[in-house]
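Peer 1: Kindly return the folded structure for what I paste below:
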Amino acid sequence: MKLKTNVTLWAMLLLCLYAHAQTPGPNQRPAPKQLVAKRTSAIIKLDGLIDDAAWKDAPAALGYTEFRPTPFRAEDPANRTEVYMLYNNDGIYLGGYCHERSKDSISTELRGRDGFGNNDWIGFIFDTYNDKINGFEYFVTPLGEQMDSKVSPNQNGNNEDFSWNAVWKSAAVIHDDGYSFELFIPFSAIRFSKKNVQDWGLNIMRRRQKTSQQVFWNPLDPNVNGFLTQGGIWAGLEGIKPPLRLQFSPYLSTYANHYPSNIAGQKNWTSSVNGGLDVKYGISQALTLDMTLVPDFGQVRSDNNILNLGPFETKFNENRSFFTEGTDLFNKGNLFYSRRVGGTPLHYYDVYNQLGANETIISNPQAAKLVNATKISGRLQGGLGVGLFNAVSARTFALVEDDNKVQRKIETSPLTNYNILVLDQTLKNNSSVSLINTNVLRSGADYDANVTSVLFDFNDKKNTWNTGGYVGTSNLMNYLPGGKTKSGYTHNLYFGKTSGRFNFNISQTLTNSNYRINDLGYFTTNNYIDHNLYLGYSWTKPTNWYNNLRINFNAGYSRRLKPSVYQNANFNFNMNGQLKNLWFTGLFMGYEPSGNDFYEPHVEGRFFKGWKSTFLGGWVQTNNAKKYQVYAELLYVSRSFFSSKKYSLELMQRFRFNDKFSISHGISLEPQVNNLGFADIVDNDILFGKRKIRTVENTFSAKYNFNKKMGLRTDIRHYWSKVDYQDPAQNFYKLLENGELEQISNYNGDVNQNYNAFTVDAVLTWEFAPGSFINVVWKNAESKFDQVIKHNYFKNLGNTLDQSHNNNISFKILYFLDYLQVKNHKKKK
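Peer 2: Numbering: from 1, shown residues only. Next up is the predicted model:
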């Protein structure tokens, strides 16, 4: 298939506008509801019973409307929701009753903090600046467990960050005809302005898990972009003042580690004791300083290591809480990959090239030690969001030793400072303009890096049309010969319709060959210009066989920027929805014409004339409210080279024995036959190989929660992947300068690969006081790579379990101290 190279944004725009002309716009929305704020001087006992006298005169938020599965349907009176709201100088009181026909209609499961699980819940959304962009959410379940999040804008409306955690109180009680609840949210757990009289955006939402119903106090239209734009008003808060926010979380941890190296001079058992401090300080009513001094991340979840055959590094999830909580501002523009901070040393791999003839490596740390990290973030009264991040990692050394036991150090990472500055100005109509700058400074002769990007996102008054993009530059100082700077450029532009049943988006992204953000971000490719199209349509009114249904079509076209060469194109169609039995299901298919792959050769400037491929797949998820739930996904890929085939099966199962105990198992199978890819470089010749790949990932999890404050969770994972090139005389090819392949028969290398990874993470968590935790963690890990292919999965698992494993047991106590609470406690004495 020959694609024309003059595909333009204008052609796609005409198509989208024509399609839009065939579809109706969003419904006219009624005026938002209002609830008058009332101050109280009463002392309310927080036991979840709402029997205090103060609740009798509290303003009530009544009359809820269904959001799903049937939008705009009035709430069933038998399952009505009653909410009452009060406030005083210290915070906000929320109480209410969620009615049910019987206790059996209530869905409950103990999941721990921020775990929605198989629960009914009631939630509160506060847009404290009433800017329709930023907000705070607080949820409570019938068992009294808490969830909270910070809401920030993104291109698709609003983003909920559940890694953000505040300290607040809640209680709930289950009755024969529903459940009652009470919450107290101190003003230290929310951000707001200093105005004497304030109107906050407000919405209240309730979930009934067994029927998949979700209702809102102020109605939500599923065809309108965002949910903060559709809130009501909590009117007339008067004389509230942001309190002094000063909180300390000192910690003490101890570790015992065992690895049976059985090498003279090396201990099998090692131990350590650590201490440090986390500080949270409210610099102003809007800005908060978060600091971690001598951080300890030894208890974070193990990484899911894989065998990576591609040209790009593996991107891992961030499991360190400091880098996940309240980082919405720093993630703007996708310039921040937090694993760079305290990550792999800059010259980690260079050590192997600096060894003497008789030297061996004694130690080579895989991560630079993080000395401290600080965040300042918040949003000023005028809508300006400010974010400042700074972290320092210490110098890191590898230790090598020669045959005479003489040791020397090789520096693998200099003293390094990481810095991010974000300015994000919110505008009318859910719009914003942002500036992001990231900076990495290294001591000594190593290069420094600086990246700057300006983002803009604009919506019309009806929140229907959207346009935006970004412009960015990167500068690597002292990177080129003579100490010169390497400078790069990128931009993105998009335009679309974001509300209504029909949506579309068209975009262009350009990145030149010098642009690079890898020093503090994650980045794979440059030197391209891409055009993309998205068309989507939704049916949100239930019918006889579905509750909602969505379809979308996507197309992309990419060219090399310099020289201007076609790279690839792709087309895909997706359909997904919820059926009447509350199952979710989806179908997807696509086609990719043959293209020019500039990355698989692993050498800059070379390319491979790739294959054309088609794919087809589907997935189904059964009702989550049932004790037994299954998720299954199938994928089939066919490629034009050597009749290459790829199959993928993902199967996840979960069984809940009761509210406290559940287990889950997942298996992923991915066999590939006649796969073609990079194999080796010999005498400057790039070799490709035809191979058989088989990958199996097995996971098992067990969760037991003793109560809403204490739980035990265990996660076990085994991963196996093998790459078998089989017959060397027939399955290797030399990549020619024109991108084609020439078969060779004289290659004698062994590039077969067999990789196993096994991990266990067992965590006992106890929140013994608000914001204070004791964690006991056992971690077991082992990985093995060799070139001897073992074809049987169970033999691979058995051999992996027979290896020497690293076992780590740790204990950590973290205690939360709030300055005002300590001060008030002393006054009462």
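
Peer 1: Identify the bridge partners of W778.
Peer 2: Note on W778: beta-bridge partners A762, I809, judged by DSSP bridges.

Peer 1: Tell me which residues touch it, please.
Peer 2: Applying CB atoms under 8 Å, 6 or more residues apart in numbering to W778 gives the contacts V760, D761, A762, N807, N808, I809. Any C-beta I mention is one placed from the backbone N, CA and C, and that applies to glycine too.

Peer 1: If you rank these by neighbours, which is first?
Peer 2: D761 (20 neighbours; other CB atoms under 10 Å).

Peer 1: Which element is encountered next along the chain beyond the helix or strand of the chain with the lowest mean pLDDT?
Peer 2: One helix or strand of the chain scores below all others by mean pLDDT, DSSP states H and E: helix 9-21, with a mean of 44. Under the assignment DSSP states H and E, the closest C-terminal helix or strand after helix 9-21 is strand 34-36.

Peer 1: phi, psi of K795?
Peer 2: Here is the backbone geometry of K795 (degrees, to the nearest 10): phi -70, psi -40.

Peer 1: ah, wrong one, I meant F641
Peer 2: Here F641 shows phi and psi, under degrees, to the nearest 10, equal to phi -80, psi 130.

Peer 1: Low-confidence stretches in the stretch 401-550 of the chain?
Peer 2: By pLDDT under 70, the stretch 401-550 of the chain contains no weakly predicted segment.

Peer 1: Do a quick rundown of the helices in it.
Peer 2: Using DSSP state H, counting those that start in this stretch, the helices of the stretch 401-550 of the chain do not appear at all; there are none.

Peer 1: just the strands in it please.
Peer 2: Assigned by DSSP state E, counting those that start in this stretch, the stretch 401-550 of the chain shows strands spanning 407-413, 416-427, 431-442, 448-459, 465-480, 484-497, 502-511, 528-539, 546-560.

Peer 1: could I get those as a markdown table with mean neighbour count and distance to L820?
Peer 2: Listed next are the strands of the stretch 401-550 of the chain as a markdown table, based on neighbours: other CB atoms under 10 Å; distance: least, CB to CB, whole Å:
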| stretch | mean neighbour count | distance to L820 |
| --- | --- | --- |
| strand 407-413 | 17 | 41 |
| strand 416-427 | 20 | 29 |
| strand 431-442 | 20 | 33 |
| strand 448-459 | 20 | 37 |
| strand 465-480 | 18 | 41 |
| strand 484-497 | 18 | 45 |
| strand 502-511 | 20 | 47 |
| strand 528-539 | 18 | 47 |
| strand 546-560 | 18 | 46 |
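
Peer 1: For L110, which of these is the nearest?
Peer 2: strand 546-560 (28.1 Å; CB to CB).

Peer 1: on contacts alone, who are the packing partners of the helix or strand following that closest one?
Peer 2: For strand 546-560, the following helix or strand on the C-terminal side (DSSP H and E) is strand 565-579. Applying 3 or more CB pairs under 8 Å, 6 or more residues apart in numbering; DSSP states H and E, we find strand 565-579 packed against strand 546-560, strand 584-592, strand 596-597.

Peer 1: helix, strand or coil for the residue most central in space within the chain?
Peer 2: Note on the chain: the residue nearest the mean C-alpha position is N317, at 7.3 Å, using CA atoms, centre = their mean. Here N317 is recorded as coil under DSSP: H, G, I helix; E, B strand; the rest coil.

Peer 1: How about the contacts made by it?
Peer 2: D303, N304.

Peer 1: mind checking how far it is from S302?
Peer 2: Applying CB to CB, to the nearest Å, the value for N317 to S302 is 11 Å.

Peer 1: what does Q209 give?
Peer 2: 31 Å.

Peer 1: quick one, which of those two is more surrounded?
Peer 2: Using other CB under 10 Å, the more surrounded residue of Q209 and S302 is Q209, with 23 against 17.

Peer 1: and stretch 310-326, C-alpha only, in CSV?
Peer 2: In CSV, the C-alpha atoms belonging to stretch 310-326 read as follows (Å, rounded to 0.1, in the frame of the first residue of the first chain):
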residue,chain,number,x,y,z
GLY,A,310,13.7,-3.6,21.9
PRO,A,311,16.0,-0.6,21.2
PHE,A,312,14.6,1.5,24.2
GLU,A,313,15.1,1.2,27.9
THR,A,314,12.4,-0.4,30.1
LYS,A,315,10.2,2.1,31.8
PHE,A,316,9.4,1.2,35.4
ASN,A,317,6.5,2.4,37.6
GLU,A,318,7.3,4.7,40.4
ASN,A,319,6.7,3.1,43.8
ARG,A,320,8.3,5.6,46.1
SER,A,321,5.5,7.6,47.8
PHE,A,322,7.4,10.9,47.9
PHE,A,323,7.5,10.9,44.1
THR,A,324,3.9,9.9,43.6
GLU,A,325,2.0,12.0,46.1
GLY,A,326,0.9,15.4,45.0
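
Peer 1: what about that stretch, average pLDDT?
Peer 2: Across stretch 310-326, the average pLDDT comes to 89.

Peer 1: Any idea how far apart the tips of stretch 272-292 sit?
Peer 2: Criterion CA to CA, to the nearest Å; first-to-last residue distance in stretch 272-292 is 19 Å.

Peer 1: buried residues in that stretch?
Peer 2: Going by neighbour count (16 or more other CB atoms under 10 Å), the buried part of stretch 272-292 is 276, 278, 280-282, 285-292.

Peer 1: Stretch 167-181 too?
Peer 2: In stretch 167-181, counting by 16+ other CB under 10 Å, buried: V167, W168, K169, S170, A171, A172, V173, I174, G178, Y179, S180, F181.

Peer 1: now, the most widely separated pair of those?
Peer 2: Maximum distance among the buried residues of stretch 167-181 (CB to CB): 27.7 Å, for V167 and G178.

Peer 1: quick one, strands of the stretch 701-829 of the chain?
Peer 2: 710-724, 732-735, 741-744, 753-769, 772-786, 806-814, 817-818.

Peer 1: Spatially nearest residue to Q230 (excluding sequence neighbours)?
Peer 2: In space, Q230 comes closest to L220 once its chain neighbours are excluded; the distance is 5.1 Å by CB to CB, 6 or more residues apart in numbering.

Peer 1: Do I have it right that the one you found meets L228?
Peer 2: No - using CB atoms under 8 Å, L220 is not in contact with L228; the gap is 10.4 Å.

Peer 1: what is F139 paired to in the beta sheet?
Peer 2: Applying DSSP bridges, one finds that F139 bridges with G123, M147.
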